[in-house]
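# Everything below, folded, please.
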Amino acid sequence: MTSLLDLFAVPPTLLAFGEPTHGESAFLQLRNEAFASLAGHGYRSIALESDRAAALVADEFVQGSAAVTIDRALAEGFTHGFGDAPANRDLLVWMRAWNAGRPAAERLTFHGFDAPLEIGGAPSPGGYLAEVCRFLGVDRTAEIDALIGDDARWSDTAAIWEPGRSIGRSADAQRLRVIADDLIGELYLQAPRRPEGWRAALVRATTAIGLLRYHAEAAAPLPQEERVARLVGVRDALMAENLLAIRCAETHRGPTLVFAHNRHLQRHPSTMTMSGMDLTWFSAGAIVATLLGDRYAMIAGSLGASPALGIEAPEPSTYEGRLQQLTDLPRYLAAAEVEPAGQRTHDYRYFPLDRATIDQADAVLHIPTGVDPAVLADRILALPGVDQLVASKENDSPEGAWGDRFFYVGPDRRQPFATIVEHDVPGFDEASQLDRPGVFRLNLDLGRAEFERLFGFAPKDFEKHRDEFDFARLDTVVPHPGYALYGFGSIVMPGPHLLPEVDRLLAIAHARAVDRHERATRRSPGHEG
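Sure, this is the predicted structure:
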């Protein structure tokens, strides 16, 4: 696959990596691979489409804090449900490992660049203001609490559609904006005395102001379509402000990779139809690209099929269909190389490529398909003489294994050469955390020689090395946490970029199964040979 940096004459200081939909893990897995490569070329930070203030907790974990566990970092350090994505766990764990023992100039920083809101609603700014007051040692709690009142006044989702219900332009809200501005002034006044934690306090103060700005727009007495378009635009403007602030903080350390939906990163105006309204606004990418010029570059994400999202393969005449014909593996290519084609039908799951997106992007990453257990099973069943057993109630399999797949050569089904499992076995096999939503693991009978070649020790010595492996990490060939002693390896959620290695290891495991079957056949009574 073409390297990212090969696509640019000069590496941009802010490289935007887009995805056309949320929920397809392949984009996050390739993002992780890309960031690991970019870190070796001087990139020192990553910014995700998640709340900037919440991300402070995730960055504490990345920086090695003993007070923040990975579970807390995922639960509190992400918003919009992104902490549930297994690839985001991998990202934080890898960044923390990279940072261990490195000087400050080489350490990686994790950022969010979104605000803590959605189109349908925004929370109260009270908690953010209270944290800033605590940092400054200023007691304005009673005043702020009185102005905030009942949090339900702020989180009322109906206020987004009925401006008269919004508190955003009330006297209380206007007074809170003044207080927030006062607190930012006080932060600068006290910066020399309070350098530790100052930047985090500033993030929380600006988050509060952003929320107050959004609530004010929700209360604007405008025609509905214009008002909602303004709200969507204000969110992207807040994203742009955050990206520019992140770049300001990171300028002396190195470039930044930013990952989000294409619609937030593209240079041209964004459009969306919602509740019968045709909305148009400028994305964060359009704003930042205007201000940074060629220091901003954007890779548009493109997707063929996604079993996880129920997205079928594209028509051959569409942009995605044409790209699908070029390769069966993920591929980066310069946007100028993408020839004109038809536009794929849009639905809520996927925003298809169009000419404007391609013309305004620097490059395109096309992923032919996401990988799920069925995709892997099809590859295994394409090998000669393979049978599949799917555990179920009907074949008297244990309930905890229902849905797991076992692959054999020959009718005796004594030993599978490959399995695809989606469940932990309590008390025996829990290290891969397979009970996370959507997580599965491919297990392979590698044999002693391939096992030793991959891991550097014999299967019998596995227990001496167990602590060297993160068995929950995606896209990584590791010893099987339960059956390594017998030469088995495993891969949690192999992404599409790993399929060539998967096929190589499958060929080894299949050959071993064929050899076992042939030897058993020769030993069987009545065999002539």
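
# where does the stretch 51-200 of the chain have low pLDDT?
For the stretch 51-200 of the chain, no stretch is flagged by pLDDT under 70.

# residue ranges of the strands in it, please?
109-114 (DSSP state E, counting those that start in this stretch).

# same deal with the stretch 301-450 of the chain?
Using DSSP E, counting those that start in this stretch, the strands of the stretch 301-450 of the chain run over residues 331-334, 363-369, 386-390, 405-409, 418-421, 441-445.

# Export these as TSV, with columns for distance to Gly149, mean pLDDT and mean neighbour count.
For the C-beta atoms, the positions are set from N, CA and C on the backbone; glycine is no exception. Shown next, in TSV, are the strands of the stretch 301-450 of the chain (distance: least, C-beta to C-beta, whole Å; pLDDT from 0 to 100; neighbours: other C-beta atoms under 10 Å):
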stretch	distance to Gly149	mean pLDDT	mean neighbour count
strand 331-334	51	94	16
strand 363-369	47	97	24
strand 386-390	56	95	15
strand 405-409	55	97	23
strand 418-421	51	98	23
strand 441-445	50	98	26
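
# So which of the ones you listed is nearest Gln29?
Nearest to Gln29, of all these, is strand 363-369, at 9.6 Å by C-beta to C-beta.

# Can you tell me which helices and strands the closest one packs against?
Contacts defined by 3 or more C-beta pairs under 8 Å, 6 or more residues apart in numbering; DSSP states H and E place strand 363-369 against helix 25-39, strand 296-305, helix 319-326, strand 331-334.

# who's in contact with that strand?
Under the contact criterion C-beta atoms under 8 Å, 6 or more residues apart in numbering, strand 363-369 has outside partners 4, 7, 17, 24, 26-27, 30, 297-307, 313, 320, 323-324, 326-335, 338, 353, 358, 375, 496.

# Run through the residues that contact Glu501.
Val477, Pro494.

# Tell me the spacing between it and Ala85.
22 Å (C-beta to C-beta, to the nearest Å).

# And for Glu320?
23 Å.

# Tell me which of the two has more neighbours.
Using other C-beta atoms under 10 Å, the more surrounded residue of Glu320 and Ala85 is Glu320, with 26 against 21.

# Pretty sure that one sits against Gln343.
No: counting by C-beta atoms under 8 Å, Glu320 sits too far from Gln343 to count as a contact (9.5 Å).

# List the residues that are in contact with both of these two.
Overlap of the contact sets of Glu320 and Gln343 (by C-beta under 8 Å, 6+ apart) consists of Pro352, Leu353.

# With adjacent residues omitted, what lies nearest to Phe457?
His465 (5.7 Å; C-beta to C-beta, 6 or more residues apart in numbering).

# give me every residue that touches that neighbour.
By C-beta under 8 Å, 6+ apart, the contact set of His465 is Phe455, Phe457, Pro479.

# ranking these by neighbours, who comes first?
The residue in these with the most neighbours, by other C-beta under 10 Å, is Pro479 (24 neighbours).

# who's that residue bridged to?
Following DSSP bridges, Pro479 is listed with bridge partners Gly489.

# Could you tell me which residues make contact with it?
Residues in contact with Pro479 (C-beta under 8 Å, 6+ apart) are Phe451, Phe455, Pro459, Phe462, His465, Arg466, Phe469, Phe488, Gly489, Ser490.

# So Leu38 versus Ala201, what's the distance?
From Leu38 to Ala201 the distance is 30 Å (C-beta to C-beta).

# Ala305 now?
46 Å.

# Between the two, tell me which one has more neighbours.
Legend: neighbour count by other C-beta under 10 Å for Ala305 and Ala201, higher for Ala201 (24 against 19).

# part of a helix, is that one?
Yes: checked against DSSP: H, G, I helix; E, B strand; the rest coil, Ala201 lies within a helix.

# right, and Leu446 touches Gly487 too?
Yes: the pair Leu446 / Gly487 is scored as a contact, 5.4 Å apart, by C-beta under 8 Å.

# Would you report the backbone torsion angles of Leu434?
Leu434 has phi and psi values of phi -70, psi -10 when expressed as degrees, to the nearest 10.

# Check what pLDDT the closest residue to it other than its chain neighbours gets.
Leaving out its chain neighbours, the residue that sits closest to Leu434 by C-beta to C-beta, 6+ apart is Asp424, at 4.9 Å. Per-residue pLDDT puts Asp424 at 93.

# please renumber so the chain begins at 59
With the count now opening at 59, the last piece we talked about shows up as Asp482.

# Quick check: buried residues in the helix or strand where Ala287 lies?
Here Ala287 sits within helix 282-308, counting by DSSP states H and E. Residues of helix 282-308 classed as buried: 285-305, 307-308 (neighbour count, 16 or more other C-beta atoms under 10 Å).

# Kindly report the same for stretch 541-548.
Within stretch 541-548, judged by 16+ other C-beta under 10 Å, the buried ones are Tyr541, Ala542, Tyr544, Gly545, Phe546, Gly547, Ser548.

# got the end-to-end distance for that stretch?
Using C-alpha to C-alpha, to the nearest Å, the end-to-end distance of stretch 541-548 comes out at 10 Å.

# picking that back up, in strands only, show me the contacts of Pro537.
When DSSP state E is applied, the contacts of Pro537 are split such that Phe546, Gly547, Ser548 fall in strands.
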